[in-house]
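# Need coordinates for the following:
(one chain, ligands or ions: 1)
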Amino acid sequence: MTQARSEYRGQIHQRQKELMLKWYERLDQAARTGTPPTAAMMISGNCVELLEGFGAVPLYPEINALQMAIRHQSLEPILVAEELGYAADNCAYVKADIGAWLKGLTPAEGKLPVPSLVLCNFVGCNTYIKWFEHVAELQGAPLYMLDVPFLRTDEPSRADIDYVVRQLQEVVTRLEEITGRKFDLDRFRQAVRCSSRVEELWSEIKHLAKRAPSPFDAYFDAITLMGPLYVYRATPEGVEFFEVALKEMQEKAAQQQGLFDREKFRVVIEGPPPYPYFRTFRDMFAKWKACAVASTYSTVGGLWEFGARHDPEQPFEAVALHMLAQNVTNRNYLQRYEQIRRYIEEWNADGLIIHFVKSCRLFSAGQGDMRDYFTKTLGIPTLYLESDLEDPRYFAEAQTRNRIDAYFEAMEHQHLTRSHQEAR
Ligand code: SF4
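Below is the predicted model of the structure:
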């Protein structure tokens, strides 16, 4: 079978590069001049709308870490952090970020600033807490630990929402003190309105993957859209970007254009990708003309395809709800099962791929049980793979390829047998 390389390429790829470059330029400007103010934040459950109320720019260590991994630059900073004493089984995002800071490595041309505020929007993963404590200490930046309770019931309680809203208001006061800028409530509301619109557009894009063929890959291509989603969600540029993206996808869908001449398999992917081998990993699926029609990873920054939106009428509450309930990392395992089950049924997928990431306990703990549930209880063909999202030492290329080939060979055989039986 020939090696296939396929991906969605359109205007949005160029636009995405421009937007992300512009973001790094603004961070470089902040590093050189101290303006605009910046806040280091986590992607998951980020409150980027609040920063817009100060004209401040988010700084996401996870994006920097993954950019380094995609460019094959992550091992050097990881080794620096390990020499310093970080354990081999520590989250490799943390090690890459800390090592890069110590070595002065950046994924872009310019510099990264010392953030005006290290804002630990802790949702779900307790690694965030220690990571951001280390960042604040190393960089000599003020730290605010935003404590977001884990989602223990289907919906967050009134007390949990109020608890987060009060902290967000405290963050506003803290940022006013640090930046010397007055919080602009109208601009904040406008930012929440932009987020709501972006969420609507992003959701429409994701629903297009229900078509057969899907006009894009909702795992590999979705990652292209995720950068602007986190950095620009609360801005008019974000709205414009997602309007262009939706239009392009709609045109492809109208012409029945998929990723391949013929889409053979539709899968759901759970877990982050192996960024150091992103292209190689993608090609292993392309070889089988397998398209991801949905993914849990693309809901790290927000779970919008099931209808939730930021409400501009209640901006603080909307941000709190996003942090508490509308991102995959702050939700419990059974809710993740249900999310995947819906993807498989409603997006009409043939199977499930679980990518276990050695670094990331938040995503990976319990995935063995998850495989059993989908295979044995629901009868969904499920493939379980293991590597890492940042550390290239944990990607076994030949073994991964063999397992993916075996999985699709078996599925191909099943499809053939089924169509023979139906033809009788
Ligand atoms: S453990 Fe996972 S969720 Fe937590 S910081 Fe690392 S990569 Fe992110």
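# Show me which residues of this structure sit near the ligand.
Proximity of the chain to the ligand (C-beta under 6 Å from any ligand atom) is limited to residues C91, Y93, C125, T127, Y128, S359, C360, R361, L362, F363. Where you see a C-beta, it was placed from the backbone N, CA and C, and this is true even at glycine.
# which of those residues count as buried?
Among those, those buried by neighbour count (16 or more other C-beta atoms under 10 Å) are C91, Y93, C125, T127, Y128, S359, C360, L362, F363.
# What segments of the stretch 51-200 of the chain are strands?
57-59, 117-122, 143-147 (DSSP state E, counting those that start in this stretch).
# what would the residues of the chain next to the ligand look like in TSV with pLDDT and distance to Q335?
Formatted as TSV, these follow (pLDDT from 0 to 100; distance: C-beta to C-beta, whole Å):
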residue	pLDDT	distance to Q335
C91	96	23
Y93	96	24
C125	89	16
T127	93	20
Y128	92	20
S359	89	23
C360	91	18
R361	87	18
L362	87	14
F363	88	14
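# Restricted to helices, list those.
Within those, residues falling in helices by DSSP state H are Y93, T127, Y128, R361, L362, F363.
# Hmm, the last one is touching V357, no?
When you say that, I think you mean F363. Yes. Counting by C-beta atoms under 8 Å, V357 is a contact partner of F363 at 5.7 Å.
# quick revisit: from the residues of the chain next to the ligand, which is closest to A396?
The closest of these to A396 turns out to be S359 (C-beta to C-beta; 15.6 Å).
# OK, contacts around the closest one?
S359 makes contacts with D89, N90, C91, A92, Y93, D388, L389, E390, D391, as judged by C-beta atoms under 8 Å, 6 or more residues apart in numbering.
# got a list of what the second one touches?
Each residue near N90 by C-beta under 8 Å, 6+ apart is listed here: A81, S359.
# Scan this structure for its longest helix.
helix 397-423.
# Quick one: list the elements packing against that helix.
For helix 397-423, the packing partners by 3 or more C-beta pairs under 8 Å, 6 or more residues apart in numbering; DSSP states H and E come out as helix 278-286, strand 351-357, strand 382-387.
# Please state the offset of whichever helix or strand comes after the first one from the chain centre?
Just to be clear, that refers to helix 278-286. Sequence order places strand 290-295 as the next helix or strand after helix 278-286, per DSSP states H and E. Relative to its parent chain, strand 290-295 has a centroid offset of 15 Å by C-alpha atoms, centre = their mean, to the nearest Å.
# what bits of the chain have low per-residue confidence?
Low-confidence segments of the chain (pLDDT under 70): 1-8.
# any idea which residue of it is furthest from its center?
R424 (45.6 Å; C-alpha atoms, centre = their mean).
# Just give the closest residue to whichever residue of the stretch 101-250 of the chain sits closest to the ligand, not the sequence neighbours.
Nearest residue of the stretch 101-250 of the chain to the ligand: C125, at 3.3 Å (C-beta to the nearest ligand atom). Closest residue to C125 apart from its sequence neighbours, by C-beta to C-beta, 6 or more residues apart in numbering: L362 at 3.9 Å.
# Roughly how far does the one you found sit from M42?
Relative to M42, L362 is positioned 11 Å away (C-beta to C-beta, to the nearest Å).
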